[in-house]
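Participant: Sequence and predicted structure below; questions after.
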Amino acid sequence: MSSLTLALGGGVIAAIVIGVIVLIVIFMIVGIYNNLTSLRERYKNGFSQIEVQLQRRYDLIPNLVETAKGYMEHERETLEAVISARNQASAALNTASQNPGDNAAIGGLIGAEGALAGAMGRLNVVMEAYPDLKANQNMMQLSEELTTTENKVAFARQAYNDGVTMYNIARKKFPAVMFAGMVGHSEDGKLLEFDSKKIEEAPKVSF
């Protein structure tokens, strides 16, 4: 067998080996892309439950403020601050719901929820001086509904954050970490981390 034939044979084998390696890499990248995309879509879909519960809370707050107005004639600034913070949080939720994978939008929602929690907290402090308002049946019912809704928000947020954590872990594992950026997964998902103390306590009306 001539050296030329051996060289050609060796070249064909090398080409086959390289081709196989390339195919393996391509299949691996496709697999990484599909897995990360699936995980990201899963946590984005999970955001819908947070949206439902937050919107429910935003719908209850104006009713609470309207009830309080009849008793808190001299607290207009406090009541207006609550409505303003509520409107900003609602707008931030709308932005985030359009693309839960947008970290900036999630960050905006976190900030708006913090502002709303602060405004509701100030309202609760002021309401302590109005015992008749605290005894109002409508206010008591709204308080109970807000508390129930807040518990549902916490549950939905935990499920969402679990999904985000799974995605982030998968993105950082080898070999995904080598190719994630190449296939459109260049950054971690953002956890929806509210100030738990403010968010859990502020929307409630203490009696």
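Facilitator: Great, that's in hand. Since this is a predicted model, take the numbers as computed values, not measurements. Numbers count the residues shown, from 1 in each chain.

Participant: ok, and what's touching stretch 169-183?
Facilitator: When contacts are taken as C-beta atoms under 8 Å, 6 or more residues apart in numbering, the neighbours of stretch 169-183 outside the stretch itself are Met28, Ile29, Ile32, Tyr33, Asn35, Leu36, Leu39, His185, Ser186, Asp188. For every residue, glycine as well, the C-beta is placed using N, CA and C.

Participant: tell me the mean pLDDT over that stretch?
Facilitator: Across stretch 169-183, the average pLDDT comes to 87.

Participant: how long is that stretch from one end to the other?
Facilitator: 16 Å (C-alpha to C-alpha, to the nearest Å).

Participant: Average pLDDT for stretch 97-112, rounded please.
Facilitator: Confidence over stretch 97-112 (mean pLDDT, whole number) is 92.

Participant: ugh, wrong one, I meant stretch 38-51
Facilitator: 91.

Participant: so what pLDDT did Arg122 get?
Facilitator: The pLDDT attached to Arg122 in the predicted structure is 90.

Participant: and it, how far is that from Leu79?
Facilitator: Arg122 sits 10 Å away from Leu79, taking C-beta to C-beta, to the nearest Å as the criterion.

Participant: just Met140 next, same as before
Facilitator: Applying C-beta to C-beta, one obtains 19 Å for the distance of Met140 from Leu79.

Participant: more neighbours, the two?
Facilitator: Remark: of Met140 and Leu79, Leu79 carries more neighbours, 18 against 13, as counted by other C-beta atoms under 10 Å.

Participant: what's the nearest residue to the more buried one if we skip its chain neighbours?
Facilitator: If you skip the residues right next to it in sequence, Leu79 has Val65 as its closest partner in space, 5.2 Å away by C-beta to C-beta, 6 or more residues apart in numbering.

Participant: Low-confidence stretches in this protein?
Facilitator: Across the chain, residues meeting the criterion (pLDDT under 70) sit at 1-11, 195-207.

Participant: can you give me the strands in it?
Facilitator: Listed in chain order, the strands of the chain (DSSP state E) amount to none at all.

Participant: show me where it has helices.
Facilitator: For the chain, the helices identified by DSSP state H occupy 3-69, 76-98, 103-127, 131-134, 137-172, 176-179, 196-201, in order along the chain.

Participant: Just list what the first one packs against, helices and strands only.
Facilitator: Spelled out, it's helix 3-69. Of the remaining helices and strands, those touching helix 3-69 by 3 or more C-beta pairs under 8 Å, 6 or more residues apart in numbering; DSSP states H and E are helix 76-98, helix 103-127, helix 137-172, helix 176-179.

Participant: From the contacts of stretch 169-183, keep the buried residues only.
Facilitator: The neighbour-count test (16 or more other C-beta atoms under 10 Å) applied to those identifies Ile29, Ile32, Tyr33, Asn35, Leu36, Leu39, His185 as buried.
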